[in-house]
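>>> Sequence below, structure please.
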Amino acid sequence: MAKVAREIVEKAGINVDDLVKLLIKNASAELTTYYYYTILRVNLTGLDGEGLKAMTEDARIEDRNHFEALVPRIYELGGKLPRNMNDFHDISACPPAYLPENPGDIKAMLKVLVEAERCAVRGYNHICNLTFGKDHRTYELSLSILNEEVQHESWFSEFIGEGPSGHFQRLGENSPYVKKFLL
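Down below sits the predicted model:
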């Protein structure tokens with residue numbers, strides 16, 4: 001643990017244990033979403049499904065990157081990941097992004113994808129509000145993840161037909177905001 005990191009955050013008025021719990025729950029959401037998006041992506045078939053496959057793959061890889069970026073901060077602040085994967089899954093900040101009953105229903109698939117991203121956006125916005133001006137490292141990390149999650153939501157909501165977002169799928173580069181936090 002980085003003793004000074006925890007000390008500085010505590011002195012800034014943040015309950016570090018509560019912050020670590022939030023970070024762990026969000027790390028769980030990222031890793032479980034990576035897993036569930038793998039299942040969703042495999043089931044994206046047919047003309048409509050193939051159009052979603054690349055976006056889903058980008059979001060999937062970036063969610064894994066978000067998990068990888070969060071873990072060091074959790075440990076820096078004196079936290080640790082649960083020993084048991086089942087326990088880790090069950091504390092996720094977001095509900096599981098389960099494959100719909102009818103995997104051929106692209107609208108149902110899109111609803112799962114967009115709702116998972118909306119949950120992530122809410123979670124990272126909350127952490128940013130909590131750490132702004134107090135815990136610069138956690139804030140910058142959470143803001144970087146938030147920027148990518150907003151883009152994911154935009155991709156899927158645009159595909160649903162909720163209107164233009166102004167965001168474009170990234171070609172050839174994953175995690176442009178988070179990459180500086182990756183080991």
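>>> going forward, measure contacts between C-alpha atoms and count neighbours the same way
Will do.
>>> Give me the buried positions along the helix or strand where Ile61 lies.
According to DSSP states H and E, Ile61 maps onto helix 46-76. For helix 46-76, the buried set under the neighbour-count rule, 16 or more other CA atoms under 10 Å, comprises 49, 52-76.
>>> by contact count, what packs against it?
helix 3-11, helix 16-42, helix 136-160 (3 or more CA pairs under 8 Å, 6 or more residues apart in numbering; DSSP states H and E).
>>> The ones you listed: which one's closest to Pro103?
helix 16-42 (8.1 Å; CA to CA).
>>> And that closest one, how far out from the chain middle?
6 Å (CA atoms, centre = their mean, to the nearest Å).
>>> One more: stretch 79-98?
13 Å.
>>> what's it in contact with?
For stretch 79-98, the external contacting residues (CA atoms under 8 Å, 6 or more residues apart in numbering) are 17, 20-22, 24-29, 32-33, 36-37, 40, 71, 74, 112-113, 116, 119-120, 123.
>>> now stretch 112-123
By CA under 8 Å, 6+ apart, the list of residues contacting stretch 112-123 reads 26, 29, 33, 93-100, 146, 149-150, 152-153, 156-157.
>>> again with stretch 61-71
Contacts to stretch 61-71, defined as CA under 8 Å, 6+ apart, come from residues 23, 27-28, 30-31, 33-34, 81, 141, 145, 148, 174-175, 178-179, 181-183.
>>> one step back: turn the helices and strands packed on helix 46-76 into TSV, columns for mean neighbour count.
As requested, those are exported to TSV (neighbours: other CA atoms under 10 Å):
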stretch	mean neighbour count
helix 3-11	14
helix 16-42	21
helix 136-160	21
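>>> shaky segments in the protein?
Residue ranges of the chain with pLDDT under 70: 1, 169-171, 183.
>>> what's the following helix or strand after the helix holding Ile61?
helix 85-90.
>>> May I see the buried residues of that next one?
Taking 16+ other CA under 10 Å as the criterion, helix 85-90 shows 88-89 as buried.
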